[in-house]
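>>> Provide a 3D model corresponding to the input given below.
(chains A and B)
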Amino acid sequence: MSLLEVSDLHVRVADREILNGVNLEVNPGEIHAIMGPNGSGKSTLTNTIAGQEGYIVENGDLRLNGTNLVELEPEERSYAGLFLAFQYPVEIPGVTNMEFLKTAVDSHRKQRGETALSSVEFIKNMRALVTKLDFNPEFLKRGVNESFSGGEKKRNEILQMLCLDPKVALLDETDSGLDIDALQVVAKGINEFRNSNNAVVLVTHYQRLLNHVVPDYVHVLLNGTIVKSGDASLALDLERNGYAWLEQDNSP
Amino acid sequence: MSNNIATTPEELISKEYTAGFVTDIETETLPPGLSEEVVREISRKKAEPEWLTEWRLDALRRWEKMEEPTWAHVKFPPIDYQAISYFAAPKGDKPKSLDEVDPELLRTYEKLGIPLHEQKILAGVEEEPSQPRVAVDAVFDSVSITTTFKETLKEHGVVFCSFSEAVQSHPDLVKKYLGSVVPKTDNFYAALNSAVFSDGSFVYVPKGVRCPMELSTYFRINAENTGQFERTLIIADEGSYVSYLEGCTAPMRDENQLHAAVVELIALDDAQIKYSTVQNWYPGDENGVGGIYNFVTKRGTCRGARSHISWTQVETGSAITWKYPSVILRGDDSIGEFYSVALTNNRQQADTGTKMTHIGRNTKSTIISKGISAGHSSNAYRGLVRMNPGARDARNYTQCDSLLIGSECAAHTFPYIESRRQDAIVEHEATTTRVSDDQLFMCRQRGIEPEKAVSMIVNGFCRDVFRELPMEFAVEASKLLEVSLEGAVG
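Numbers count the residues shown, from 1 in each chain, chains lettered A, B, ... in the order given. Down below sits the predicted model:
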């Protein structure tokens, strides 16, 4: 059974139809990249899968590990094993990263019928994790994304992903605005995360992250539908030729 | 996607008030109305000396000529001061020990989680007391029921007793300091309090003594149609230190009840007073019916050089809160601080803040105010920073932050600065933010349920103030916010 199954997905935001019939099948161990020009519906796809309010599923199906997501609350989708790394992570002033992560991890444990970790145990685990990722441990004591640089915010998303260990991680332009060093740290985090039981969906504009995290499949989203799928070489074609040649192929 | 549970802030605001029960106990109440006779009767019941009776009567005569202030940003129908009873007390003589206290009263405090039994320290378990040791003065309606740990405190020379008791046991101190910070005619409610005040707490910490435990007073309104008018006086002699906390609750009733207290703090040379309040008076229901009118005058004076007074308040209750805990910085190098979290929900109204009056040289004040508004409530910060001509090198730092939950509530900031010094430094920062849908969605995506998420966001917002509270009360305050916001967002 595939991990994530998107079938004939039609999504409306306010009175605009943004996605019209997206199909996507992601299997364990796979990395998929979704590319496409601005306004093609990439973020709509990830936000809809995560259950953001205002993204109305008009038709189609969303399944994670066989569970129908459409009727689930965002936190229930999280418990089912879905993670979304945000394009623009928000700040929560005064709440430390450590506190935020522990609250999230404890909620997940509670859902699984496990007791909360002791603070000592949790802090120990977190310290080990940040060291592995080359993050400054001070990171944990700061307010969630509070006066973080763009790169730090994106790294924080990766840290949360590793902490929650989801089945499917959707990464919405996690590579945008990163310098080379930060990009490598993020890539290292993704490679650290991936294994034969989980899957990663990268939404990106650029080929450069894909040099570090090699996708098994590349899909092109255009005007609310996937117009072309291929292997890693497709991303290189796009980098060279842009999207115009696909647009012509697909004009209605 | 579909949403079956509440997902907007508006839908989630519904408040559970857990302290709203009534204690069934026989009460002796004066008939409603205010006159010289009533004032004399209150004074007689307390067997007060002549000078105090006269002091009260003078306050009454002056109050009768005063008018209710109307400048606060709150709305309420006129109060009929002749319809209120000015004295209510459980029947019978004041119990001499805890064994004589009506069991019904003991159960009340037990239900509220207030420890009236002095914790016995047993050999071998001293290192881990199950509860922190806190001395409690329990004020029920107009009288003090009991004060714990009096003996232990006495060994250190600390006087901690009810105000009525202090009038008998320490008349000189009471006479010297009563009304010395908040004069009888300071304002309408202070004058009313001066005429009819019933009980409250009295603290005296002698020279050089660091009070060995937290002191606290727990105020409970129980009787119907009464007002509570307590008076608290805290004197920290040279080089002493005391940390004091007050808590307040009342039953849920459809009519409004008036609470008009006066608190006076005096810090002499090198003394420090830390005064914390966790105020949870009944706020009224979601339509704004019932609740306490909390019209309180609190002021401290840093009389001595290098003295230090800080007010920390967490205000979640009352239909209307109207209070400005203030500091008069008279002594050179003295420090005044005000840390406040005021949360309003449903139809609650709060107009609260502080006054820092700099008189001495090199005096410093800090104001951190966090206002949280939800529901249809209105929350105003009002602060005055005054630099007098003699206040050389005085400094103030003010930070006022407002957090809005939902779209029907309001937050206002009224900062006043009066500086008569060129060299004074006055800084003011203010922000207004909203618990955003994006913050909530991020928390929910990580598996944090909406209510938990809101309480986490609100707690984070209040962090700077909570860290000023004594540890055990910080936990209580944080829980209280959680209860007050129950059902607050999605």
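
>>> so where do the strands sit in the stretch 51-200 of chain B?
Residue ranges of the strands in the stretch 51-200 of chain B, as given by DSSP state E, counting those that start in this stretch, are B:88-90, B:134-140, B:143-147, B:159-162.

>>> I misspoke; the intended subject was the stretch 151-252 of chain A.
A:168-172, A:199-203, A:217-222, A:225-230.

>>> what packs against the first one?
In terms of contact count using 3 or more Cβ pairs under 8 Å, 6 or more residues apart in numbering or on different chains; DSSP states H and E, strand A:168-172 is assigned the packing partners helix A:42-50, strand A:82-85, helix A:150-164, helix A:180-193, strand A:199-203. Every C-beta, even on glycine, is put in place using the N, C-alpha and C of the backbone.

>>> Take the ones you listed and lay them out in JSON lines including distance to chain B and mean pLDDT.
Below are the helices and strands packed on strand A:168-172 laid out as JSON lines (distance: least, Cβ to the nearest Cβ, whole Å; pLDDT from 0 to 100):
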{"stretch": "helix A:42-50", "distance to chain B": "5", "mean pLDDT": "95"}
{"stretch": "strand A:82-85", "distance to chain B": "5", "mean pLDDT": "96"}
{"stretch": "helix A:150-164", "distance to chain B": "6", "mean pLDDT": "91"}
{"stretch": "helix A:180-193", "distance to chain B": "16", "mean pLDDT": "89"}
{"stretch": "strand A:199-203", "distance to chain B": "15", "mean pLDDT": "95"}
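
>>> out of these, deepest packed?
Ranked by mean neighbour count, the helices and strands packed on strand A:168-172 are led by strand A:82-85 with a mean of 27 (mean count of other Cβ atoms under 10 Å in any protein chain shown).

>>> Next, report how far that one is displaced from the centre of its chain.
With Cα atoms, centre = their mean, to the nearest Å as the basis, strand A:82-85 stands 5 Å off its chain's centre.

>>> Give the partner strands of that strand in its sheet and their orientations.
strand A:168-172 (parallel) (DSSP bridges).

>>> May I have the partner strand as CSV, with CA atoms only?
Provided in CSV are the C-alpha atoms of strand A:168-172 (Å, rounded to 0.1, in the frame of the first residue of the first chain):
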residue,chain,number,x,y,z
VAL,A,168,5.3,11.5,5.3
ALA,A,169,7.1,14.8,5.4
LEU,A,170,6.0,17.6,3.1
LEU,A,171,8.6,20.3,2.8
ASP,A,172,7.2,23.5,1.4
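
>>> quick one: which of the strands of the stretch 151-252 of chain A is nearest residue A:99?
Comparing these by their distance to residue A:99 (Cβ to Cβ), the top pick is strand A:168-172, with 22.5 Å.

>>> Would you mind getting the angle between that closest one and strand A:199-203?
Angle, strand A:168-172 to strand A:199-203, by axes from the mean of the first three to the mean of the last three Cα atoms, to 10 degrees: 10 degrees.

>>> how deep is residue A:20 tucked in, by neighbour count?
17 (other Cβ atoms under 10 Å in any protein chain shown).

>>> can you check residue B:164 too?
22.

>>> for it, what are its contacts?
B:46, B:143, B:144, B:198, B:199 (Cβ atoms under 8 Å, 6 or more residues apart in numbering or on different chains).

>>> Which residue ranges of chain B form helices?
B:9-12, B:36-45, B:50-64, B:103-112, B:150-155, B:163-169, B:171-177, B:188-196, B:437-445, B:450-461, B:463-466, B:471-484 (DSSP state H).

>>> Give me whichever of those is most buried.
Of the helices of chain B, the one with the most neighbours on average (mean count of other Cβ under 10 Å) turns out to be helix B:188-196, with a mean of 25.

>>> Can you name every helix or strand that that one contacts?
helix B:36-45, helix B:50-64, strand B:262-267, strand B:291-302.

>>> quick one on the thing from earlier: so which of the helices and strands packed on strand A:168-172 comes closest to residue B:466?
That would be helix A:150-164 among these, by Cβ to Cβ, at 24.0 Å.

>>> list the contacts for residue B:161?
By Cβ under 8 Å, 6+ apart, the neighbours of residue B:161 are B:137, B:144, B:147, B:150, B:169, B:201, B:202.

>>> Can you tell me how far the second one is from chain A?
Taking Cβ to the nearest Cβ, to the nearest Å as the measure, residue B:144 and chain A are separated by 38 Å.

>>> Quick check: beta-bridge partners of that residue?
Bridge pairing for residue B:144 - DSSP bridges - gives residue B:139.

>>> Count the residues that sit near it.
Residue B:144 - counted by other Cβ under 10 Å - has 24 other residues nearby.

>>> Tell me, how many residues neighbour the closest residue to residue B:462 other than its chain neighbours?
For residue B:462, ignoring the flanking residues on the chain, the nearest one in space by Cβ to Cβ, 6 or more residues apart in numbering or on different chains is residue B:341 at 4.7 Å. Neighbour count for residue B:341, taken as other Cβ under 10 Å: 30.

>>> Check residue B:282 too.
23.

>>> what does the one 5 residues further on give?
Under the neighbour criterion other Cβ under 10 Å, residue B:287 is assigned a count of 9.

>>> separation between it and residue B:320?
Distance check for residue B:287 against residue B:320: by Cβ to Cβ, to the nearest Å, it reads 15 Å.

>>> got the residues of the stretch 51-200 of chain A near chain B?
A:51-53, A:55-57, A:70-71, A:73-75, A:77-79, A:83-84, A:86, A:88-95, A:99-100, A:103-104, A:107-108, A:111, A:143-144, A:160, A:164 (Cβ under 8 Å from any Cβ of the partner chain).

>>> Narrow those residues to just the buried residues.
A:51-53, A:55-57, A:70, A:73-75, A:77-79, A:83-84, A:86, A:89-95, A:99-100, A:103-104, A:107-108, A:143-144, A:160, A:164 (16 or more other Cβ atoms under 10 Å in any protein chain shown).

>>> Which ones among the residues you listed map onto helices?
Short answer: these in helices (DSSP H) are A:74-75, A:77-79, A:99-100, A:103-104, A:107-108, A:160, A:164.

>>> out of those residues, what pair is the most spread apart?
Across those (Cβ to Cβ), the longest gap, 22.7 Å, separates A:77 and A:99.

>>> circling back to that earlier point, so which of the strands of the stretch 51-200 of chain B is the most packed in?
Taking mean count of other Cβ under 10 Å, strand B:134-140 is the most buried of these, at a mean of 25.
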